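Engineer: Just to be clear, the model below is a prediction. Sequence and coordinates:
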Amino acid sequence: PIEVPITKKALVIGGGIAGIQAALDIANCGHQVILVEKEPSIGGHMSQLSETFPTLDCSQCILTPRMVEVAQHPNIKLYTYAELEHLDGFIGNFKATIRLKAKSVDEKICTGCGLCTTKCPQKRIPSEFNAGLGLRTAIYVPFPQAVPNKPVIDKKHCNYYKRGKCKICEKTCPTGAICFDKEDEFVTEDIGAVVVATGFNVLGTEFFPEYGYGRYKDVITGLQFERLASASGPTSGEIRRPSDGTMPKKIVFIACAGSRDPAKGIHYCSKICCMYTAKQAILTRDHIPDSQAFVFYMDIRAPGKMYDEFTRRAVEEYGVNYVRGRVSAIQPTVRPDGSMGYIVRGADTLLGQQVEVDADLVVLAVGIEGAHGAGHLAETLRISYDKYGFFMERHVKLGPVETNTAGVYLAGVCQGAKDIPASVAQGSAAAAKALALFS
């Protein structure tokens with residue numbers, strides 16, 4: 001047998017719950033981990049959720065301790081606001097080049113006091129964390145529980161980078177941590193295995209012209225609803241209409257908005273939509289007891305542990321109206337009292353009749369696709385990906401976390417649509433493969 005020395009250090013790409021799980025499992029076994037996250041904070045989409053199904057646990061309450069554990073773990077080196085630039089070598093002996101995008105803030109001397117964010121004059125920038133519903137400043141921390149809890153400067157909207165004037169944050173900072181002339185840096189790490197956990201994106205506005213998403217303010221996505229229902233969201237946990245700030249009394253949820261729709265090019269089931277729609281309908285009745293919730297669905301897919309019981313609970317305990325049928329169109333209307341409503345027209349295929357609901361708010365259970373830039377990353381890693389942007393496993397049944405490049409493993413939704421428990425399990429599975437290689 002031929003023996004080759006290997007580097008017992010892992011690179012984890014993506015700081016969502018799958019990447020966090022993989023990094024902690026490897027690090028807890030005594031090996032070094034490099035965790036790379038392209039956003040200013042780790043946490044991924046799970047940090048944006050209000051509660052999780054089927055137990056209705058507070059999402060950030062169960063996620064934040066793990067985020068902190070990653071930041072404080074002696075075996076984990078965390079690079080946020082960073083991306084993998086190159087990967088050379090082979091299994092056990094990779095060389096990764098990582099681009100550290102300039103944050104324009106020196107994290108070593110920044111105390112995270114937040115004074116700079118309060119003084120920034122650019123205060124009307126749509127917040128990515130709040131799915132465009134809230135606003136942020138040009139120098140910002142994505143959300144209060146962010147890890148690391150240090151600000152970054154958005155060069156696209158910063159007055160200094162646009163016009164060469166301002167520097168109010170620099171004058172305000174008590175430690176002198178602002179560095180406008182800071183450039184992108186490149187670091188090279190020797191690693192033995194790679195775990196890819198880059199997550200997903202929700203489908204864009206162009207998928208739903210018939211529903212008016214992007215044109216009607218009160219037609220929102222499920223992710224936007226999560227931010228409205230979250231205590232850390234733009235409305236402090238009160239479900240209010242984006243158009244006028246009033247509490248909606250009649251909410252329509254449209255399942256399979258994009259998923260299982262060959263006409264739109266998305267043939268697959270996104271797996272989580274039935275469940276998060278039931279959860280959001282329950283949250284609606286909890287937050288606004290005198291409200292009505294309608295769910296238009298194709299069929300209910302709830303195969304996980306306690307999932308079917310959860311959807312039945314939405315109907316039997318909370319009185320959610322489930323209508324089996326598709327919605328054909330949504331039309332805005334002005335009511336006699338002057339308020340804006342939305343006529344939702346669909347069909348009930350069980351009763352064989354047309355259905356019309358005058359809704360205050362419409363929530364689209366939009367499907368998910370591979371993360372933006374997945375194709376470029378796949379070429380960098382020399383692994384395969386499909387037309388939806390999901391990375392291809394070595395074998396659909398016998399190698400679900402391995403790729404056709406030895407030493408590169410997959411975890412979470414980057415490999416295909418799945419929920420949080422499955423993402424965590426796959427994160428541990430990918431970590432086990434890396435640990436087996438190291439041993």
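Structural biologist: Cool, got the structure.
Engineer: going forward, measure contacts between C-alpha atoms and count neighbours the same way
Structural biologist: Fine.
Engineer: Contacts only, for the most centrally placed residue in the chain.
Structural biologist: In the chain, the residue lying closest to the centroid (Cα atoms, centre = their mean) is residue 45, at 2.3 Å. Applying Cα atoms under 8 Å, 6 or more residues apart in numbering, one finds that residue 45 lies in contact with residue 16.
Engineer: Now with 10 Å, please.
Structural biologist: Residue 45 sits next to 15-17, 129, 199-201, 223 when contact means Cα atoms under 10 Å, 6 or more residues apart in numbering.
Engineer: possible to save those as CSV with pLDDT, secondary structure and distance to residue 100?
Structural biologist: Written out in CSV, the entries for the contacts of residue 45 read as follows (pLDDT from 0 to 100; DSSP: H, G, I helix; E, B strand; the rest coil; distance: Cα to Cα, whole Å):
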residue, pLDDT, secondary structure, distance to residue 100
15, 97, coil, 15
16, 97, coil, 18
17, 98, helix, 22
129, 96, coil, 21
199, 96, coil, 20
200, 96, strand, 22
201, 94, strand, 22
223, 96, helix, 28
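Engineer: Pull out the buried members of the residues you listed.
Structural biologist: By the neighbour-count criterion of 16 or more other Cα atoms under 10 Å, the contacts of residue 45 include these buried positions: 15-17, 129, 199-201, 223.
Engineer: List just the nearest of those residues to residue 321.
Structural biologist: Nearest to residue 321 out of the buried ones among the contacts of residue 45 is residue 223 (Cα to Cα; 21.2 Å).
Engineer: how near is that closest one to residue 257?
Structural biologist: Distance, residue 223 to residue 257, using Cα to Cα, to the nearest Å: 13 Å.
Engineer: who touches both of the two?
Structural biologist: Residues touching both residue 223 and residue 257 comprise 363-366, with contact defined as Cα under 10 Å, 6+ apart.
Engineer: Which of the residues you listed scores worst on pLDDT?
Structural biologist: Lowest pLDDT of those: residue 366, 92.
Engineer: residues near the nearest residue to it once chain neighbours are set aside, how many?
Structural biologist: Counting by Cα to Cα, 6 or more residues apart in numbering, residue 257 is the residue found nearest to residue 366 once chain neighbours are left out, at 4.7 Å. Residue crowding around residue 257 was assessed by other Cα atoms under 10 Å; the count is 24.
Engineer: Just to check, residue 257 is in contact with residue 209?
Structural biologist: No - counting by Cα atoms under 10 Å, residue 209 is not a contact partner of residue 257; they are 11.2 Å apart.
Engineer: which residue ranges form the helices in the protein?
Structural biologist: Assigned by DSSP state H, the helices in the chain fall at 17-28, 59-72, 115-119, 159-163, 168-172, 222-229, 273-287, 307-316, 374-381, 420-438.
Engineer: I figured residue 145 was touching residue 232, is that so?
Structural biologist: Yes - because the distance of 9.3 Å satisfies Cα under 10 Å, residue 145 is recorded as touching residue 232.
Engineer: Run through the residues that contact residue 180.
Structural biologist: Residue 180 makes contact with 102-105, 153, 155, 160-161, 167, 170 under the criterion Cα under 10 Å, 6+ apart.
Engineer: And those, which of them are buried?
Structural biologist: For those, a neighbour count by 16+ other Cα under 10 Å gives the buried set as 102-105, 153, 155, 170.
Engineer: And those, which two are furthest apart?
Structural biologist: Spanning the widest gap among these are 102 and 170, at 15.6 Å by Cα to Cα.
Engineer: and residue 75, what pLDDT?
Structural biologist: pLDDT, residue 75: 98.
Engineer: what's the burial count for it?
Structural biologist: So residue 75, with other Cα under 10 Å, has 20 neighbours.
Engineer: what does residue 107 give?
Structural biologist: Neighbours of residue 107 using other Cα under 10 Å come to 16.
Engineer: That one against residue 147, yeah?
Structural biologist: No - with contacts counted by Cα under 10 Å, residue 107 stays clear of residue 147, the gap being 12.0 Å.
Engineer: one step back: so what sits against both of residue 145 and residue 232?
Structural biologist: Jointly contacting residue 145 and residue 232 under the rule Cα under 10 Å, 6+ apart are residue 60.
Engineer: Low-confidence ranges, this protein, go.
Structural biologist: Judged by pLDDT under 70, the chain has no weakly predicted residues.
Engineer: how far away is the closest residue to residue 310 other than its chain neighbours from residue 221?
Structural biologist: With Cα to Cα, 6+ apart as the measure, residue 54 is the residue that lies nearest to residue 310, at 6.0 Å, once sequence neighbours are left out. With distances defined as Cα to Cα, the gap from residue 54 to residue 221 amounts to 20 Å.
Engineer: for the contacts of residue 45, which one is nearest residue 425?
Structural biologist: Taking Cα to Cα as the measure, residue 425 lies nearest residue 17 of the contacts of residue 45, at 10.2 Å.
Engineer: which ones are touching that closest one?
Structural biologist: With Cα under 10 Å, 6+ apart, residue 17 has these contacts: 23, 42-47, 63, 66-67, 197, 199, 411-412, 420-421, 423-424, 427.
Engineer: Likewise for residue 185?
Structural biologist: Residue 185 sits in contact with 82, 98-102, where contact means Cα under 10 Å, 6+ apart.
Engineer: Try it again at 8 Å.
Structural biologist: Listed by Cα under 8 Å, 6+ apart, the contact partners of residue 185 are 99-102.
Engineer: Same question for residue 59.
Structural biologist: Contacts for residue 59 were tallied using Cα under 8 Å, 6+ apart; they are 46-47, 49-52.
Engineer: what does residue 232 give?
Structural biologist: Applying Cα under 8 Å, 6+ apart, we find residue 232 in contact with 143-144.
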